[in-house]
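**Student:** 3D, please:
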Amino acid sequence: MTFLKGVFVILGLSIGLGLTSNTYGWSSTEIQWLRGDIQFPSNDDTVKTSVITLTGTAGGDGWGTFFFIDRASYNYDNKPGENTELVSKFWANYSLSTLAKRDLKFGMIKDIRLVAGLKHAPEVDSVWFMPGIQLDLNLPGFTFANVRIAGYQHISGGNLAAKHFTTLDEENSYQVNFVWRYPFMIGASKWSIEGFAEWVKGSKQISNFGSKERSSWLFIQPQIRMDFGPMIGLPEDKVFVGIEYQYWQNKLGNPLIDESAPQLLIAYHF
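**Tutor:** Below you'll find the predicted structure:
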């Protein structure tokens, strides 16, 4: 635990120094709407689901942040009325090249970063802490590509007396993520393939319904999108349309559920 706190403190101080020693750098925000048939991790129900996602990135000299907030709306178990779920993640990173004041580039790796993240899932009353490292890759044609190796530590859970399902505790685990964006042209139109892949090591979960071993899971969520703004008289890089494909193997640790779900995507960038 001392090591984890140390990573978080170093990262926080480094980003703080970066913010005070230069301007706020750049920022980018996007809101996405997705529509598709989504399967629930607790059973085999599949229903029409709308997801609104707010994402934001920012960075400066050596530092960077990323967050997303998902709000999913669905009709669960054919019950009347709207049901919703929320999940959010926040990541902060700082360049070890900037911190060490020397170039750490080698091979296809152009930088190494300290990272720390938080995940919040209010439906199960839980928060996870995710410290680790990020390898920024130099891949031809990619706007960015990075591999993140991080812990997956449950730091806050629900109450045993809760009437709904709630996570009380989990064994520490770890994860590996790959995030990328690859732009390309089709005629005069701008396109990109972007998204992430996530593998999380299985662990024991303790809930108010008992304990169980969760399987390791693989989650891949690529998007193919077209810059649609110029076709309706708007500037480039404002409005996008496309398809997001969501694949889960052992969805959220349930070995009985694998999901393959295409979703319609509309995004506005500002």
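
**Student:** contacts, neighbours, all on C-alpha from now
**Tutor:** Noted.

**Student:** show me where the stretch 1-150 of the chain has strands.
**Tutor:** 26-39, 46-59, 63-74, 83-95, 109-121, 126-137, 144-156 (DSSP state E, counting those that start in this stretch).

**Student:** in the first one, what's buried?
**Tutor:** Neighbour-count burial for strand 26-39, with 16 or more other CA atoms under 10 Å as criterion, is recorded at 30-39.

**Student:** same thing with the fifth one?
**Tutor:** Buried residues in strand 109-121, defined by neighbour count with 16+ other CA under 10 Å: 110-121.

**Student:** what's the answer for the third one, then?
**Tutor:** Counting neighbours by 16+ other CA under 10 Å, one finds that the buried residues in strand 63-74 are 63-70, 72-74.

**Student:** now, among those residues, which is nearest to residue 95?
**Tutor:** Sorting these by distance to residue 95 puts residue 63 at the head of the list, at 6.3 Å, by CA to CA.

**Student:** Leaving out chain neighbours, which residue sits closest to that closest one?
**Tutor:** Leaving aside its sequence neighbours, residue 63 sits nearest to residue 94 (CA to CA, 6 or more residues apart in numbering; 4.4 Å).

**Student:** didn't that neighbour look like it was pressed against residue 60?
**Tutor:** No - counting by CA atoms under 8 Å, residue 94 stays clear of residue 60, with 9.7 Å between them.

**Student:** count of residues packed around the nearest residue to residue 201 once chain neighbours are set aside?
**Tutor:** Nearest non-adjacent residue to residue 201, counting by CA to CA, 6+ apart: residue 216, 4.5 Å away. Number of residues near residue 216 (other CA atoms under 10 Å) recorded here: 20.

**Student:** May I have the residues that are in contact with residue 216?
**Tutor:** Contacts for residue 216 (CA atoms under 8 Å, 6 or more residues apart in numbering) come out as 199-203, 250, 253.

**Student:** Take the residues you listed and lay them out in TSV including secondary structure.
**Tutor:** Listed next are these as TSV, based on DSSP: H, G, I helix; E, B strand; the rest coil:
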residue	secondary structure
199	strand
200	strand
201	coil
202	coil
203	coil
250	coil
253	helix
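
**Student:** out of these, who has the most neighbours?
**Tutor:** residue 253 (24 neighbours).

**Student:** Would you mind measuring from that one to residue 164?
**Tutor:** For residue 253, the distance to residue 164 (CA to CA, to the nearest Å) stands at 19 Å.
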